[in-house]
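**Q** Following is a predicted model, sequence given first.
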Amino acid sequence: MLRLANLEAGYGPLRVLKGVSLHVSQGEAVAIIGANGAGKTTLLKTVAGVIRPRAGKVSFDKHEIQGRAPESVVESGCSLVPEGRHVFPTLTVKDNLILGAYALRRRKRSAAEVTASLEEVHSLFPILQERHSQIAGTLSGGQQQMLAIGRALMSRPKLLMMDEPSLGVAPMVVRDIYQAVARLKRNGLTILLVEQNARAALAVADRGYVIETGQIVLEGTTQELADNQEVQRAYLGKEYERIDE
Ligand code: ATP
């Protein structure tokens, strides 16, 4: 579904992605793990069209999308849940979700379909239904993360990209969020997530890549990565526990 070939990106003189190649097949959950500043956010932003690549290709769903505008990437079925959530703090939970359906409206989907998406999001995160009229900026960090994921789902993506969904979220809530991710995967959604929290990411992913200073240095199944001594030493610390839902 997604293939990156020799992707290069950066900021001014700074070369961040140095020829990244990877793929995500339909129905897979793939994790990219890496330390602070390794280039994880830059990678997702480049796929999402927020940053223009300097070289390389991004193929999504049989089309080359490198250099396309972000709204066009969302329209094609690829949504990003950004790092730090970026919900609209002064709008209600419901209005934040409805805004996520913007791409659907451009595709002339009906109000009934938007309502159906809203119901799916509510069934995944019931707290968002309970708090539908609450101002988003007053939600807890974990609830805002759920809202950001819900908002991305409102555009009915084929591929959901998530940038550090566990960042700044209490450990108990990280588990709730990753259980929801496991459920989305079980329902057939294709997922690409980046995490410093390798333990959480490997608990739901099928495969993973390790990125260091803008280069993929290791790839494998989650079991292979979890058994790798370098990964254990650098990213896991001790035994990790798998989450199936
Ligand atoms: P983190 O986990 O801290 O978010 P990351 O792996 O996502 O790290 P990136 O955010 O992609 O890493 O950053 C990669 C490099 O690019 C870092 O050296 C960072 O300082 C730099 N960088 C990121 N955004 C910008 C920007 N807008 N302008 C200049 N440099 C940037």
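**A** Arrived safely, thanks for sending. Residues are numbered from 1 along each chain as shown.

**Q** which residue sits closest to Ser117, ignoring its sequence neighbours?
**A** Met154 (5.1 Å; C-beta to C-beta, 6 or more residues apart in numbering). The way it works is simple: take the backbone N, C-alpha and C, and place the C-beta from them, glycine included.

**Q** Quick one: neighbours of that neighbour, just the number.
**A** By the criterion of other C-beta atoms under 10 Å, Met154 has 22 neighbours.

**Q** Double-check it against Leu118; I have them as touching.
**A** Yes. With contacts counted by C-beta atoms under 8 Å, Met154 reaches Leu118, the gap being 7.2 Å.

**Q** Need the overlap of contacts for the two.
**A** Common contact partners of Met154 and Leu118 (C-beta atoms under 8 Å, 6 or more residues apart in numbering): Leu97, Ile98, Ala101.

**Q** For those, which single residue is the most surrounded?
**A** Per-residue neighbour counts (other C-beta under 10 Å) across the shared contacts of Met154 and Leu118 peak at Leu97, which has 26 neighbours.

**Q** check contacts around that residue.
**A** Counted by C-beta under 8 Å, 6+ apart, Leu97 has contacts Leu118, Val121, Leu128, Leu147, Gly150, Arg151, Met154.

**Q** could you point out which element follows the helix or strand bottoming out on mean pLDDT in the chain?
**A** The weakest-scoring helix or strand in the chain, judged by mean pLDDT, DSSP states H and E, is helix 102-106 (a mean of 60). The helix or strand immediately downstream of helix 102-106 is helix 111-124, counting by DSSP states H and E.

**Q** tell me what that following helix is packed against?
**A** Packing contacts for helix 111-124, counted by 3 or more C-beta pairs under 8 Å, 6 or more residues apart in numbering; DSSP states H and E, involve helix 93-100, helix 102-106, helix 126-130, helix 141-153, helix 171-186.
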